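Participant: Need the 3D shape of this:
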Amino acid sequence: MKIKSFIFFSYFILLPFLVISQTWPKIYINPGTHTSGKVAYESYDNGIILLAENLGQYGLRTSGWLIKTDINGNVLWDRVIGRQEQYLSLTNNMEATSDSGVVIAMSTRFFEQDPFGFYNDPVFIKLNKCGQLDWCTLISLLGTGNSGTDVVQTNDGFIGLYYNLNVPNNDIGVVKMNLNGQIQWLFTYDSDTIVDNIPCDILALDDGSTIVTGFGYYDNGQSTYVSLKPVKLHIAPDGGVINWQVMHYDNDSLRGVDYETIKDNRGNLFSAGSTITTQTYPYNYDKKTLRKQKVNGSNLEYYIQDESKSINGYLCWMVDSTIAITGASEIFENNWWRYPSDVSIIDTFGNVINNRILLDDYWGSVYRVSTTHDNKILATGSADAENPYGPPGNTFLFKLTSTLEDDVYDPTPRVYDYACPGGVAPHDTIGMEECDIVVSAAHLATLPDIAVMEVYPNPANDVFQVRLPEFIAIRNNNKGLNTALYQSNYQQQSTLQVFDLSGRFISEQKLTQGQLIAQFDASHWVPGMYLLRLVYKDKTVGSAKVVR
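Facilitator: The predicted structure follows:
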């Protein structure tokens, strides 16, 4: 990836998109496409890093959009993730990392046979604080639709969560990666009593274990019908199952979902979701819920925040141990339905301290929230209807005070991106061709050990050419996990060497980024057979024979 250096005052001139200029909220417009905010965090320099998604015709997700702003939401630089003209990429979630970078969970159709088809592969991308690629791991799971859902950092690496969409069981996939993105273990999970598990969130605990939050249909083997229940899966540091937890499994009248979980320092988990408290029509609808429990599933309690038809989506801690939580409700008035999105401040018993409807006439997904060092709330999403702030179908970013008022302009002088002394490119694209492509053990038998190179003409004339492979394959075995690593961006670290049959070195050529054709002058070679070797990081990954 090419990193360009520009002085900071050029940013606002060169960026190819628009920002609605009111203080808050900010609306980010990508001309020619609709967008929707996914998550935003405060960055190390008190700016904001925001992940959004680009949407094509009919709302089809096409690529990701990463935006870095100053403390007032003014854009400093941006990155497009994926190349939507060549393949589809779908961004889902992001977490800030301990080195002030970010790690992104997403999926792509880059390595599938149909780059605009149905099947996706999960992808996890790590960027540094300057918006440069540290690593990218694409897990190729051919023939299935998979979505990278969430990712968290642990003390020794990262754990990614993905969802297997079109399989009869083992819906949940979890992968452990080291700090360089190399896979340590990968497992899929299934429960005999839960049908159609949908994982939404993964939470890292202090002991190295993780909690997956989601929902599925509980089948106790006795009832005629299955019941939609919130579900948690507790996973050990080595990937083993500690336990499955089905919320309200003993009460068929209580049904619902959970979307995200946070933990306090006393071992309590708090989840945002909804609960159906009765199966009696017309009262059998979802209600905003805060669910509380211990890590092992004990002491389960739930708190209904709204008796009308409503859901909670996402939550985060405020500095005073209250919780910021987002939701949406259904309102019928003037012979028309509307679904306003809101954010609330609640205590740990679900009591609403303050509430604000973000957009009165809002249609769309629930906003995701985080908090800053000074207890401000960042809430991002979109709006699908007319509103007082800006045109719909674009990325909205609210910055709220602890009393849910719009924040005011901050005039404090700051140096942004000070950890990037060479400057930051104002705009760049991160393509999936820069990813390490890991193929699961189920497909290893169909893969060649080394890449095939084509020589022409062969037998060679005085000059011949070598067609290099688009990908190289490197087999790995780590703690019993057999994988093959496919790489497309290998050339800059590769050399093409020529030996005669006695092993005598004849010639070599260092490759350049993206090179797919190499040319050799064989006019001074003696007649005979020669061996070509493609060497990547001192390991032979491809070979061919040429006759002179």
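Participant: residues in contact with the nearest residue to Q293 once chain neighbours are set aside?
Facilitator: Counting by Cβ to Cβ, 6 or more residues apart in numbering, the nearest residue to Q293 once its immediate chain neighbours are dropped is L300, at 4.5 Å. Any C-beta I mention is one placed from the backbone N, CA and C, and that applies to glycine too. Contacts here follow Cβ atoms under 8 Å, 6 or more residues apart in numbering; on that basis L300 touches M247, H248, R291, K292, Q293.
Participant: now L300: how far from K292?
Facilitator: Taking Cβ to Cβ, to the nearest Å as the criterion, L300 is separated from K292 by 7 Å.
Participant: and which of the contacts of L300 is nearest T33?
Facilitator: R291 (36.8 Å; Cβ to Cβ).
Participant: Next, count neighbours for that closest one.
Facilitator: Applying other Cβ atoms under 10 Å, we find 25 other residues in the vicinity of R291.
Participant: Please list the outside residues in contact with the helix or strand encompassing it.
Facilitator: If you go by DSSP states H and E, R291 is part of strand 287-294. The list of residues contacting strand 287-294 from outside it, by Cβ under 8 Å, 6+ apart, reads 230, 245, 247, 256, 258, 267-277, 299-312, 315, 323, 325, 327, 329, 346, 348, 350.
Participant: Distance from the chain centre to that strand, please.
Facilitator: 25 Å (Cα atoms, centre = their mean, to the nearest Å).
Participant: Please write out the alpha-carbon positions of that strand in CSV.
Facilitator: The C-alpha atoms that make up strand 287-294 are tabulated as CSV, following Å, rounded to 0.1, in the frame of the first residue of the first chain:
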residue,chain,number,x,y,z
LYS,A,287,-39.8,-4.7,24.9
LYS,A,288,-36.6,-2.9,25.6
THR,A,289,-34.6,-4.9,28.1
LEU,A,290,-31.4,-4.8,30.2
ARG,A,291,-30.3,-8.3,31.2
LYS,A,292,-28.0,-8.9,34.2
GLN,A,293,-26.2,-12.1,35.2
LYS,A,294,-22.9,-13.5,36.5
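Participant: which neighbours does it have in its sheet, and in what orientation?
Facilitator: According to DSSP bridges, strand 287-294 has the following sheet partners: strand 268-276 (antiparallel), strand 301-304 (antiparallel).
Participant: which one of the contacts of L300 is nearest A52?
Facilitator: Among the contacts of L300, and counting by Cβ to Cβ, the member closest to A52 is R291, at 28.7 Å.
Participant: hmm, back to that, please identify the most buried of the strands paired with strand 287-294.
Facilitator: Highest mean neighbour count among the strands paired with strand 287-294 (mean count of other Cβ atoms under 10 Å): strand 268-276, with a mean of 24.
Participant: quick one: average pLDDT of that one?
Facilitator: In this model, strand 268-276 has a mean pLDDT of 97.
Participant: Phi first, then psi, for P392.
Facilitator: Per-residue torsions, P392: phi -70, psi 170 (degrees, to the nearest 10).
Participant: Run a quick neighbour tally on the closest residue to it other than its chain neighbours.
Facilitator: Setting aside the residues directly before and after it, P392 is nearest to A383 in space (Cβ to Cβ, 6+ apart), at 4.7 Å. Applying other Cβ under 10 Å, we find 24 other residues in the vicinity of A383.
Participant: other SSEs contacting the helix or strand hosting A544?
Facilitator: Mapping A544 onto the secondary structure by DSSP H and E places it in strand 539-547. Using 3 or more Cβ pairs under 8 Å, 6 or more residues apart in numbering; DSSP states H and E as the contact definition, the elements that strand 539-547 packs against are strand 451-452, strand 454-456, strand 472-478, strand 529-536.
Participant: For V175, which of the ones you listed is the nearest?
Facilitator: Among these, strand 472-478 comes nearest to V175, with 11.9 Å by Cβ to Cβ.
Participant: average pLDDT across the closest one?
Facilitator: Taken as a whole, strand 472-478 has an average pLDDT of 68.
Participant: can you check stretch 350-365 too?
Facilitator: On average, stretch 350-365 scores 82.
Participant: and what of stretch 73-88?
Facilitator: 95.
Participant: Can you give me the neighbour number for N394?
Facilitator: With neighbours defined by other Cβ under 10 Å, the count for N394 comes to 25.
Participant: do the same with E508
Facilitator: 13.
Participant: swap in T401?
Facilitator: That count, for T401 with other Cβ under 10 Å as the rule, works out to 14.
Participant: Now L66. Nearest residue, chain neighbours left out?
Facilitator: Once its chain neighbours are removed from consideration, L66 has its nearest residue in R79; the separation is 4.2 Å (Cβ to Cβ, 6+ apart).
Participant: Name the residues linked to the one you found by a beta bridge.
Facilitator: The residues paired with R79 through beta bridges, assigned by DSSP bridges, are L66, D428.
Participant: quick one: low-confidence ranges for the stretch 301-450 of the chain?
Facilitator: Applying pLDDT under 70 to the predicted model, the residue ranges of the stretch 301-450 of the chain that meet it are 361-365, 386, 440-450.
Participant: redo that, cut-off 90
Facilitator: Judged by pLDDT under 90, the stretch 301-450 of the chain has its weakly predicted residues at 319-320, 330-340, 358-366, 382-394, 421-422, 433-434, 436-450.
Participant: In terms of secondary structure, what does the strand ranked longest in the chain contact?
Facilitator: For the chain, the strand that runs over the most residues, judged by DSSP state E, is strand 194-204. For strand 194-204, the contact count by 3+ Cβ pairs under 8 Å, 6+ apart identifies strand 146-154, strand 157-164, strand 172-177, strand 210-218, strand 227-235, strand 255-263 as packing neighbours.
Participant: With just CA atoms, put the shortest one into CSV.
Facilitator: Read it as strand 172-177. As requested, C-alpha coordinates have been extracted for strand 172-177 and formatted as CSV (Å, rounded to 0.1, in the frame of the first residue of the first chain):
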residue,chain,number,x,y,z
ILE,A,172,-20.9,-19.9,15.4
GLY,A,173,-17.2,-19.6,14.4
VAL,A,174,-14.4,-18.2,16.6
VAL,A,175,-10.8,-17.7,15.6
LYS,A,176,-7.8,-16.9,17.8
MET,A,177,-5.0,-14.8,16.1
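Participant: Quick one: mean pLDDT over that strand.
Facilitator: Strand 172-177 shows an average pLDDT of 94 in the prediction.
Participant: Quick check: what element follows it along the chain?
Facilitator: If you walk from strand 172-177 toward the C-terminus, the next helix or strand you reach (DSSP H and E) is strand 183-189.
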